[in-house]
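>>> 3D, please:
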Amino acid sequence: MSLLMKVCVTVVNVLFLPLHLLDALGLYRVYKRFMPLCLHHLSKKYNEKMHDKKKELFRTLPELNKNNGHLTILEIGCGTGTNFEFYPPGSKVICTDPNPHFQKYLSQNMNKNDHLMYERFLVASGEDLSAVEDQSVDAVVCTLVLCSVNNTPQTLREVHRILRPGGAFFFMEHVVADPSTWIHFFQHVCQPIMYYFGDGCQITRETWKHLEAAGFSELKLRHIDAPLFSLIKPHIVGYAVK
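Got it, this is the predicted structure:
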């Protein structure tokens, strides 16, 4: 399968040369204005399919509020805010995303989820959260984001920096499939399609390896098959404690 995969990947990359060129020149970034509308609808569908998985993932969030104050949650790549419904009432939420055009849909979900307090919206990438103080948040949330950051280890270093001791990083990410499967084959062949039409999405990442190497004191991670289309069916879900 390896040789066939390499041939197919080469063919697809040749077909995508015009988009590769536009991206290299910085001209493809205009899509960021339209991506929020697409993700607004896609995120709703994802939440419907993954509702029970998300509910299970975030059920331990209240346990981080040991002083009975306001739980402070920072979400990396908050997008349209589809995780808000799962956060405990009274939580303070800091929203970050590198794309400022999400704010319209983000505001809609903020209004729907008035059980939360929204502290601020930062236009920032996961690799640079310098506007957030060290050890200042109880929890960091990241869902379907580590597939598109430019530097996963640096993003996790930022997560570790801003979490207070005993704080936790909650994640739900699609990852590359087992090399022995056809899903793995098609993930590599279709990678350019997902990159250009999925906001920089990389479906061939072994994200769990970066989490294992990030230096957290505790890591609870599970591989699951999500009830989604095959290319993004392989997922990891869990949390890591600082």
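>>> Just give the nearest non-adjacent residue to the most centrally placed residue in the chain, would you?
For the chain, the residue lying nearest the average C-alpha position, counting by C-alpha atoms, centre = their mean, turns out to be residue 145 (2.0 Å). Distance criterion C-beta to C-beta, 6 or more residues apart in numbering; nearest residue to residue 145, sequence neighbours excluded, is residue 77 at 3.5 Å. C-betas here are computed from N, CA, C, even on glycine.
>>> Just give the number of residues close to the one you found.
Residue crowding around residue 77 was assessed by other C-beta atoms under 10 Å; the count is 24.
>>> Check the gap between it and residue 120 for me.
15 Å (C-beta to C-beta, to the nearest Å).
>>> same deal with residue 130?
Residue 130 is 14 Å from residue 120, where distance means C-beta to C-beta.
>>> give me the element residue 142 is part of.
Taking DSSP states H and E as the criterion, residue 142 maps to strand 137-143.
>>> Next, the contact list for residue 188, please.
With contact set as C-beta atoms under 8 Å, 6 or more residues apart in numbering, residue 188 has these partners: 5, 8-9, 204.
>>> if we go to 10 Å?
Residues near residue 188 by C-beta atoms under 10 Å, 6 or more residues apart in numbering: 5-6, 8-9, 12, 176-177, 179, 203-204.
>>> ok, now residue 222?
The neighbourhood of residue 222, defined by C-beta under 10 Å, 6+ apart, consists of 53, 57, 208, 235-238.
>>> hmm, try it at 8 Å
Residue 222 is in contact with 236-238, counting by C-beta under 8 Å, 6+ apart.
>>> nearest to residue 137, of these?
Proximity of the contacts of residue 222 to residue 137 (C-beta to C-beta) peaks at residue 238, which lies at 18.4 Å.
>>> returning to what we had before: show me what contacts the residue nearest to the centre of the chain?
Applying C-beta under 8 Å, 6+ apart as the definition, the contact partners of residue 145 turn out to be 76-77, 126, 173.
>>> Could you check the angle the longest strand seen in the chain makes with strand 137-143?
Longest strand in the chain by number of residues, with DSSP state E as the criterion: strand 163-174. Compare the direction of strand 163-174 with that of strand 137-143 by axes from the mean of the first three to the mean of the last three C-alpha atoms, to 10 degrees and you get 10 degrees.
>>> in strand 163-174, what counts as buried?
Taking 16 or more other C-beta atoms under 10 Å as the basis for neighbour counts, the residues of strand 163-174 that come out buried are 163, 167-174.
>>> can you pull the contacts of the closest residue to residue 129 other than its chain neighbours?
For residue 129, ignoring the flanking residues on the chain, the nearest one in space by C-beta to C-beta, 6+ apart is residue 158 at 4.6 Å. Neighbouring residues of residue 158 by C-beta under 8 Å, 6+ apart: 126-129.
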